[in-house]
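Undergrad: Okay, predicted coordinates and the sequence, questions at the end:
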Amino acid sequence: MTELIKCACGCGQIRPKYDRYGIARRFIRGHHRRKPPPEENSLISCACGCGQIRPKYDRYGIARRFILGHHNRRPPPAENSLISCACGCGQSLLKYDSRWRPRKYIRGHNASRWKGGRYIQEDGYVMIFSPEHPRKNSSNYIYEHRLTMEQNLGRLLTLEESIHHINGNKSDNGIENLLLFPSNREHMIWERNQSGNIWERM
C-alpha cells in the first residue's frame, strides 16, 4: 500500500511519499519554493524608509522587507553632508545620491582613465581640472602654470598676460620657474633679447 504524506510546504495537500522511481519526496511538484504561511501576516514598514506599508509575508509565505522595486533604495540619512571626492581632486560632493546610496567619487572620477584631474598635453603644457574657474575650457581644464601664478598673486590673470618658463620645461610649474609678462609681445621681445645674449656670449 502506498504511504501518503502531507506536502512539506504546509498547503495541507497529500502526496505519495515515494515517486515512481522509489525516491522519497517531501513536496508536491512546484511546492518546494513555498514556505509555511505564518499564523498572522502582519503589516510592516518598507525597509527602504519610504514610510509605506506592506504585508510581512508574500503569497508563498516568504518574509519580505521591501515593497517591489524599493530594494535599491536606502533609508535617508539625518543629514546629507558634503564630503571630499576620494580621487584627491579636492572637490566636494554629497555623501548620498538621489536614491540615498552612499558614494565616494564625483561622477567620472573613478573611471580607469581618470588621472586625478591632471594631464600633460602633446606640446608639454600641464592641464588641471578646475570646473569652477571662469577661464576653463570646454572640458573644464585650465593651464597649470596660469593657475599657479593666479594663486600666487591672489587674482585672475588677464587674457593679455603671458607666462614664461625659465628653465624651458613646460611641465615644471613651480612659482620659482615662472615669469609673468603684461603681454605676449613683451614676452617675445624678452625671449629675443635672451637669444641674442646667448649668441654674443658664444
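TA: Here it is on my side, so go on.

Undergrad: ok, Gln91 - contacts?
TA: For Gln91, the residues meeting the contact criterion (CB atoms under 8 Å, 6 or more residues apart in numbering) are 84-85, 106, 131. (Each C-beta comes from the backbone N, C-alpha and C, glycine too.)

Undergrad: how much space between it and Phe27?
TA: Taking CB to CB, to the nearest Å as the measure, Gln91 falls 57 Å from Phe27.

Undergrad: Check His133 too.
TA: Taking CB to CB as the measure, His133 and Phe27 are separated by 67 Å.

Undergrad: picking that back up, buried ones among the contacts of Gln91?
TA: Members of the contacts of Gln91 that pass the buried threshold by neighbour count (16 or more other CB atoms under 10 Å) are listed as 85, 106.

Undergrad: Closest one of the contacts of Gln91 to Ile44?
TA: Here the nearest of those to Ile44, counting by CB to CB, is Ile106; it sits at 36.6 Å.

Undergrad: The closest one touches Ile83, doesn't it?
TA: No - the pair formed by Ile106 and Ile83 falls short of the contact definition of CB atoms under 8 Å, at 10.4 Å.

Undergrad: Common neighbours of the two, please.
TA: For the pair Ile106 and Ile83, residues contacting each of them under the criterion CB under 8 Å, 6+ apart are Leu93.

Undergrad: Relative to Gly117, how far out is the residue nearest to His70 when sequence neighbours are not counted?
TA: Of all residues beyond its chain neighbours, the one nearest His70 is Cys48 (4.2 Å), with distances taken as CB to CB, 6 or more residues apart in numbering. If you measure Cys48 against Gly117 using CB to CB, the figure is 35 Å.

Undergrad: Kindly report the same for Leu82.
TA: Per CB to CB, Leu82 is found 18 Å from Gly117.

Undergrad: Compare these two and say which is more crowded by neighbours.
TA: More neighbours sit around Gly117 than around the other of Leu82 and Gly117, counting by other CB atoms under 10 Å; the figures are 20 against 9.
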